[in-house]
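**Q** pasting a predicted model and its sequence here:
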Amino acid sequence: FVKEYQHPDINYELIYFDDQQSPAKAAVGVKKLIEVDKVDALLTGTSQTASVVADAAQNARIMHLGISSDNRFTEKAYNYTMAPDALDESTVMLKHLKKHGYHNIALITANETFADLVQGNINKLAEKYNMQIVFDEKFNTGATDYRLLLHKAEQTNPDIYILQSWPPEIDILTKQLLEINPNAEITSLYAFFISSNPDLYKGRF
């Protein structure tokens with residue numbers, strides 16, 4: 001998809017490639033954008049994509065702006081981010097949870113770069129904010145039944161769940177968790193507001 005934008009001083013074209021948050025598809029897409037479309041700059045919107053595109057941008061010597069809180073890709077030349085650091089975001093989340101009286105946390109995390117970074121930060125910071133991680137497990141994306149994992153988490157009696165993933169998995173996790181415990185407290189970084197089913201969360205974010 002190509003769209004041209006007109007400006008009195010600037011005339012530029014946006015060329016889109018949907019990587020569906022897949023690193024493999026991002027690798028294909030960035031190759032096409034650089035070699036076929038001959039783009040002058042690259043813009044990405046997730047950590048999965050940014051980390052893949054970073055190498056291509058450095059090799060092609062073109063600017064890449066990745067809107068990603070996992071800013072490790074900016075260590076490569078030509079790569080930049082405009083998003084806050086994931087450690088800062090995790091700190092803000094834990095400060096908020098402490099303020100509202102949460103103490104015992106169940107941490108359920110996708111096997112994905114940004115989610116993994118958030119998990120590490122929360123584990124690192126929990127003691128500082130007088131919080132205890134009572135459950136901490138990862139899951140592979142692509143599954144449709146997380147009930148066994150959620151039943152195990154429920155047995156630890158957490159005050160709140162931090163579900164760190166993206167749609168569709170976070171929607172599946174939330175739906176199945178609320179079926180097990182309709183009163184479960186749930187939060188996440190980012191994921192709820194890009195859900196395809198926002199009514200599922202009913203203000204829980």
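**A** Sure thing, it's come through.
**Q** and stretch 177-184, how far out from the chain's middle?
**A** From the chain centre to the centre of stretch 177-184 is a distance of 23 Å (Cα atoms, centre = their mean, to the nearest Å).
**Q** residues of that stretch that come out buried?
**A** Under the neighbour-count criterion of 16 or more other Cβ atoms under 10 Å, stretch 177-184 has 177-178, 184 buried. No exception for glycine: its C-beta is placed from N, CA and C like everyone else's.
**Q** can you check stretch 42-59 too?
**A** Using 16+ other Cβ under 10 Å as the test for burial, stretch 42-59 gives 42, 44, 46-54, 56-58.
**Q** and stretch 131-139, by the same measure?
**A** For stretch 131-139, a neighbour-count test (16+ other Cβ under 10 Å) marks 131, 133-136, 138-139 as buried.
**Q** hang on, the earlier thing: turn the buried residues of stretch 42-59 into CSV, columns for pLDDT.
**A** Listed next are the buried residues of stretch 42-59 as CSV, based on pLDDT from 0 to 100:
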residue, pLDDT
Leu42, 95
Thr44, 92
Thr46, 79
Ser47, 79
Gln48, 78
Thr49, 86
Ala50, 89
Ser51, 87
Val52, 90
Val53, 94
Ala54, 94
Ala56, 95
Ala57, 96
Gln58, 96
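**Q** counting only strands, which of these make the cut?
**A** Taking DSSP state E as the definition of strands, the buried residues of stretch 42-59 contribute 42, 44.
**Q** tell me which stretches of this structure form helices.
**A** In the chain, helices defined by DSSP state H lie at 23-35, 47-60, 86-99, 113-125, 147-154, 169-180, listed in chain order.
**Q** now Ser90, nearest residue through space, not along the chain?
**A** Asn121 (3.7 Å; Cβ to Cβ, 6 or more residues apart in numbering).
**Q** tell me, how many residues neighbour the nearest residue to Gln119 once chain neighbours are set aside?
**A** The shortest distance from Gln119 to any residue other than its chain neighbours is 4.3 Å, reached at Thr109 (Cβ to Cβ, 6+ apart). Thr109 has 21 neighbours, counted by other Cβ atoms under 10 Å.
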